[in-house]
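**Student:** Got a predicted structure here, sequence first:
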Amino acid sequence: MGRLAGKIALVTGGASVPGLGSSTAIRFAQEGAFVYVTDRDLAGAEKVAADIIAAGGQAAALSHDVTSEADWDTVMGAIDARHGRLDVLVNNAGIAVLSMLDDTSLDAWLHQNNVNLNSVFMGTKRAVEIMRRKGDDGKARGGSIIHISSVAGLIGVPGCSAYAASKGGVRLFSKVVAMEGATDGIRSNSVHPGMIATNIQDVALKDNAANYDATMALIPMGYMGAPEDIANMNLFLASDEARYITGAEFTVDGGMTAR
């Protein structure tokens with residue numbers, strides 16, 4: 001316990017249960033962080049925050065459309081006004097627009113990348129600005145930025161053209177941020193979940209049912225992971241245990257991409 005004691009963390013897309021964001025927020029709070037849970041679904045985010053508080057943790061919920069620069073300014077401004085710093089950002093919010101290339105419209109492509117990639121740019125830019133501020137010792141405070149990508153950002157998965165483009169973009173964007181933020185103690189890493197039992201996975205199954213069985217057959221361990229598997233990876237990267245890790249990518253997929 002206490003691996004994130006005293007840290008201020010922001011987890012986007014945290015309303016869905018079961019979900020990667022809600023599980024990460026809960027895990028962070030268990031380890032001592034004050035967690036901001038944000039989502040377009042404010043009621044859902046408030047429920048997650050309330051559950052954290054009821055369990056003895058610290059949390060707050062904020063309404064947040066991650067595709068809106070104004071919302072990013074509001075969220076970051078609220079955190080800054082209350083705490084004067086941000087130690088951890090988890091760019092988790094995302095959607096899965098799944099269809100074969102011939103059936104993918106430009107509007108769907110743009111919407112997918114706006115939610116999954118453009119939002120990461122907007123949030124990271126603002127987080128870096130706060131993390132670069134000088135502390136009492138005259139050095140930048142630094143921090144950890146964790147980008148939730150996907151195995152689809154590493155390998156080709158049929159029916160995932162728009163989704164893969166967004167998640168592949170997140171992967172390389174994370175590495176650039178790591179290079180630019182390293183001297184200020186800002187760490188940037190990407191996490192690549194495989195098949196994880198979440199609400200968004202249910203949507204993926206319905207939208208890409210023709211390729212679902214084939215995809216499941218690629219998992220050597222033979223079953224889906226749990227949201228907590230991703231939350232535990234995020235916890236490690238957020239903690240000081242990962243202080244010398246930046247620009248890396250972490251695959252949590254039951255061996256799916258080991259082939």
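**Tutor:** Perfect, thanks for sending it. All values reported here derive from a predicted model rather than from experimental measurement. Numbers count the residues shown, from 1 in each chain.
**Student:** okay, CA-based contacts and neighbour counts for the rest of this
**Tutor:** Fine.
**Student:** quick one: low-confidence ranges for the stretch 101-250 of the chain?
**Tutor:** Applying pLDDT under 70 to the stretch 101-250 of the chain flags the ranges 200-211.
**Student:** can you map out the helices along it?
**Tutor:** 106-113, 119-131, 161-181, 199-207, 209-216, 227-238 (DSSP state H, counting those that start in this stretch).
**Student:** Quick one: work out the angle between the second one and helix 161-181.
**Tutor:** With axes from the mean of the first three to the mean of the last three C-alpha atoms, to 10 degrees as the criterion, the two stretches helix 119-131 and helix 161-181 enclose an angle of 20 degrees.
**Student:** now the helices of the stretch 101-250 of the chain as CSV including mean neighbour count and distance to Ser99?
**Tutor:** As requested, those are arranged in CSV below (neighbours: other C-alpha atoms under 10 Å; distance: least, C-alpha to C-alpha, whole Å):
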stretch, mean neighbour count, distance to Ser99
helix 106-113, 16, 10
helix 119-131, 20, 22
helix 161-181, 21, 8
helix 199-207, 15, 7
helix 209-216, 13, 10
helix 227-238, 21, 24
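**Student:** Which of those helices sits closest to Gly84?
**Tutor:** Proximity to Gly84 (C-alpha to C-alpha) singles out helix 119-131 among the helices of the stretch 101-250 of the chain, at 8.3 Å.
**Student:** which other helices and strands contact that closest one?
**Tutor:** Applying 3 or more C-alpha pairs under 8 Å, 6 or more residues apart in numbering; DSSP states H and E, one finds that helix 119-131 makes contact with helix 69-83, strand 88-91, strand 143-148.
**Student:** now the angle between helix 161-181 and the last one, please.
**Tutor:** Computed by the same axes, to 10 degrees, the angle separating strand 143-148 from helix 161-181 equals 170 degrees.
**Student:** Using PDB, list the CA coordinates for strand 143-148.
**Tutor:** Below are the C-alpha coordinates for strand 143-148, written out as PDB (Å, rounded to 0.1, in the frame of the first residue of the first chain):
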ATOM      1  CA  GLY A 143       5.500  13.200 -13.800                       C
ATOM      2  CA  SER A 144       4.200  10.100 -15.500                       C
ATOM      3  CA  ILE A 145       2.000  10.100 -18.600                       C
ATOM      4  CA  ILE A 146       0.500   6.700 -19.500                       C
ATOM      5  CA  HIS A 147      -1.100   6.300 -22.900                       C
ATOM      6  CA  ILE A 148      -3.500   3.400 -23.400                       C
END
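**Student:** Mind listing residues that contact that strand?
**Tutor:** 86-92, 120, 124, 131, 170-171, 174, 185-193, 234, 237-238 (C-alpha atoms under 8 Å, 6 or more residues apart in numbering).
**Student:** cool, and stretch 221-234?
**Tutor:** 18-21, 23-25, 27, 146, 191, 193-198, 216, 252-255.
**Student:** Also stretch 163-178?
**Tutor:** Contacts for stretch 163-178 (C-alpha under 8 Å, 6+ apart): 96-98, 112-113, 116-117, 120, 147-150, 152-154, 156-157, 186-190, 246-249.
**Student:** Among those, name the buried ones.
**Tutor:** Buried members of the contacts of stretch 163-178, counted by 16 or more other C-alpha atoms under 10 Å: 96-98, 112-113, 116-117, 120, 147-150, 152-154, 186-190, 246-247, 249.
**Student:** if I look at Asn91, how far off is Phe173?
**Tutor:** 12 Å (C-alpha to C-alpha, to the nearest Å).
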